[in-house]
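Chemist: Please find the sequence and the predicted model below.
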Amino acid sequence: MPIHADADAAVGGVRRHVGLVLLLACAALVAAAALFLWQARGAALAQARQSNANLAASVLDHAEAVVRESDSFMALVARTVLAPYEDGGGATQALRDEILRHLSGQPALHDIYVYDARGALRLSSYAVPRYEASAAGRPFFAAHRASTRDDLLVGKPYRVEPHGEWVVPLSRRLVHADGSFAGVVVGALSVRYLQQYLERFDLGPDGLLALNTRDATVLVRRPYSESALGAELQGSALYREHYALADAGSFTAASPLDGVLREYSFVHSQRFALLVVVGQARSHVLAAWGRLAVLDALAVAAVVALLVGASVRMQRALRREQALARELQRSHRRLAELGRAMDEHAVVAITDVRGVIVGVNDRFCALSKYSREELIGAPHSIVRSERHPPSFFREMWRTIARGGVWQGQIENRAKDGSTYWVDTTIVPFLNERGKPYQYIAIRTDITELRRTQVELETAHEQLALSNEELARLAAFDPLTGLANRRRFDQALREAWLDARRRREPLSLLMMDVDRFKQFNDSLGHPAGDACLCRVAMALRSVSRRPGDLVARWGGEEFAMLLPHTDAQGAQVVAELARRAVWQLAIEHPHGELRRVTVSVGLHTLLPPLPQASGPGKAGQSGAGGEAEGQGQPQDPGEAALVDGADRALYAAKQGGRNRVAAWPQDGDAGFSTKLLDTL
């Protein structure tokens, strides 16, 4: 009996001891879980701030590069145009064309302006004058006129026209040789380009990415809000308490614009008056942590319940766990052996089903530049770059979650910000039910191979662009942008064959700027080039049908091809062309009524049927022979059409200019000319 009593006491003591141990274990587990969740919360906030700071630095680097390139281009424009200004002259059309060609390589620049000391627009990268002809009312103009410092100013965004595109003005002071104020050169950064760059970054719901001036004036903002462009936050608490006190930093605050509580990071440019602000909504940052907290709480509750149940089957479970431990040790040994073998020739990482890294080899650490301690326990997305879209990774996870093997090439980002390419094979480890419980990723570094491929692709793209530019130059006049003589001859041949096949009339207008030589002699070649460009635009506005073609025939002479148009219709178009040039009201000291005018000659032919076609008397004209650049004889009918229009133009000139003349369709030796009403 005492033996049984002693045994019962011993059993009771064991039970009490087990109960106390179980209670302490549960309390310790709850405390550990709470501590872990609190640390995870802090880590989530810290990671968000670090991510924000990295993104802010990256965006600032891009913004500085854009401003630096734009500033260099503005300096080039300033040096190019300042010398002519010293002589009282202006930039030639050729200079404007050169600026436009360079500007095509500056996607961020919307336009380049040069204003003189009075604020008048002296040069724009557009051939047509822009809406804003004076900068006298702009803050940047007043600032440069009042200061003698050669500073690059970043101005407040504004519209280039009442309903046009938003731009951010970058401006520098121009000085004469004696140091006096000569004006301002302005580079208008495209807000649309900057906005498109910011839209590339996903900051989650209510995320904020803003590029501001140093005094916190909003230049561009994601999400886009037109009302926020130019908003001045210098008087806000954010500026006083954070932006104005440090070059960079992170903090938590509510936005003065939309009231959203965010985790902010900001950085000031040390070179330009720029400030980048990145903010993630605090609710978004802690959303994953909240879900983790719920799951962990449920897990802790389940573990406590399991501990209570496990105490009843302790001995039996202990033996089973011992056996499992031995098996696990053997598995770990096999895994270690496999890891040593893989370390010799591959980059290896092992993750759990959530993508958390549980093992890496030395080559992975060397390539990613993270230590083993930094990688273990971190999500594998720590090395993810921005190269691949979310759909890429969704497809990858869908494959391996089903137990399949995924293969592909991935660009990852190292700790120092550099990127590298790896050829990757991901193999799932399956449990007894065929479900993955771990994944092993075996990679090969192919960075150099990818870099070579990218260089080859870039070379091919540049070659294609060069070929396109050569094709464009071969078909269009570089001054006016109209089709050149080569393109016109080709279009004339195609239109003539089509008219002969359809048995439809084909009309041709030949137009010549009246007294253009006197215009050039009195006003100069730059004014002459500008005049030709405006005349070309006026003629192009008259050509409204897809098949019509306006071309620069040569010098001050233009041609307009009108397929499917009879003489009456051609007469209407000719008069519209003459009126369009008249309405330009370009002053001409020696012109008809002191304006630039054009004389127009028109000729219409109905091509004969193909079997009835033969050499005509029009083939005797100077327009016959081979079509320019075609390498084949010109059809006599084409030559007759050109010859008739040319004769009609001569008649219009002889008849007093600024008029339309038609060459009769019946081929008589006379001319029919008519002076149409002027405006």
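Modeler: That came through fine.

Chemist: and stretch 249-261, which residues are buried?
Modeler: Neighbour counts over stretch 249-261 (16 or more other Cβ atoms under 10 Å) mark 250-251, 253, 255, 257, 260 as buried. (C-beta placed from N, C-alpha, C; glycine too.)

Chemist: Mind listing residues that contact that stretch?
Modeler: Stretch 249-261 has contacts (Cβ atoms under 8 Å, 6 or more residues apart in numbering) with 49, 52-53, 206, 208, 225, 228, 231, 233, 236-238, 241-242, 262-266, 279, 281-283.

Chemist: OK, contacts around Arg222?
Modeler: 195, 198-199, 201, 203, 207-210.

Chemist: same thing with Ser543?
Modeler: Residues in contact with Ser543 (Cβ under 8 Å, 6+ apart) are 549-550, 560, 573.

Chemist: try 6 Å this time
Modeler: Ser543 makes contacts with Val550, as judged by Cβ atoms under 6 Å, 6 or more residues apart in numbering.

Chemist: related to what we said a few turns ago, of the contacts of Arg222, which belong to helices?
Modeler: Of the positions in the contacts of Arg222, 195, 198 sit in helices, assigned by DSSP state H.

Chemist: And the contacts of Arg222, which of them are buried?
Modeler: Buried residues within the contacts of Arg222, counting neighbours by 16+ other Cβ under 10 Å: 195, 198, 203, 207-210.

Chemist: Columns pLDDT on top of the residues you listed, output as TSV?
Modeler: Shown next, in TSV, are these (pLDDT from 0 to 100):
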residue	pLDDT
Gln195	89
Leu198	89
Leu203	85
Gly207	89
Leu208	89
Leu209	91
Ala210	90
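
Chemist: ok, the residues you listed vs Asp646, which is closest?
Modeler: For the buried ones among the contacts of Arg222, the closest approach to Asp646 (Cβ to Cβ) belongs to Gln195, at 52.8 Å.

Chemist: Am I right that that closest one is in contact with Leu219?
Modeler: No. Gln195 lies out of contact with Leu219 (Cβ atoms under 6 Å); the separation is 10.0 Å.

Chemist: okay if I get the contacts of Arg222 as TSV plus distance to Thr480?
Modeler: TSV is the format used below for the contacts of Arg222 (distance: Cβ to Cβ, whole Å):
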residue	distance to Thr480
Gln195	34
Leu198	38
Glu199	37
Phe201	43
Leu203	47
Gly207	48
Leu208	47
Leu209	43
Ala210	43
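
Chemist: tell me which of the contacts of Arg222 is nearest to Val422?
Modeler: Within those, the smallest distance to Val422 is 23.8 Å, found for Phe201 (Cβ to Cβ).

Chemist: Next up, the contacts around that closest one.
Modeler: Contact analysis of Phe201 by Cβ under 6 Å, 6+ apart lists Leu209.

Chemist: swap in Ala182?
Modeler: Ala182 makes contacts with 117, 174-176, as judged by Cβ under 6 Å, 6+ apart.

Chemist: out of these, which are inside helices?
Modeler: Going by DSSP H, the helices hold none of the contacts of Ala182.

Chemist: re the thing from before, any chance of the buried ones among the contacts of Arg222 in CSV, plus distance to Gly290?
Modeler: What follows is those, written out as CSV (distance: Cβ to Cβ, whole Å):
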residue, distance to Gly290
Gln195, 32
Leu198, 28
Leu203, 18
Gly207, 17
Leu208, 21
Leu209, 24
Ala210, 27
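
Chemist: Filter these down to just the ones in strands.
Modeler: Secondary structure defined by DSSP state E assigns 208-210 of the buried ones among the contacts of Arg222 to strands.

Chemist: which of the residues you listed lies closest to Lys415?
Modeler: Leu209 (22.8 Å).

Chemist: The closest one - nearest residue in space that isn't next to it in sequence?
Modeler: In space, and not counting its chain neighbours, Leu209 is closest to Arg222: 4.3 Å by Cβ to Cβ, 6 or more residues apart in numbering.

Chemist: One more: Leu492?
Modeler: Nearest to Leu492 is Glu638, by Cβ to Cβ, 6+ apart, at 5.5 Å.

Chemist: Might one say that that neighbour is in contact with Glu494?
Modeler: No. Counting by Cβ under 6 Å, Glu638 stays clear of Glu494, with 10.5 Å between them.

Chemist: So the two - more neighbours on which side?
Modeler: Glu638 (25 against 14; other Cβ atoms under 10 Å).

Chemist: before we move on, which element is the more buried one in?
Modeler: helix 636-654 (DSSP states H and E).

Chemist: Show me which residues of that helix are buried.
Modeler: 636-653.

Chemist: Repeat that for stretch 58-77.
Modeler: 58-60, 62-64, 66-67, 69-71, 73-74, 77.

Chemist: which one among the ones in strands among the buried ones among the contacts of Arg222 gets closest to Arg363?
Modeler: Leu209 (35.4 Å).

Chemist: Bridged to the closest one, which residues?
Modeler: Counting by DSSP bridges, Leu209 is bridged to Arg222, Val278.

Chemist: What residues does it make contact with?
Modeler: 198, 201, 222, 278.
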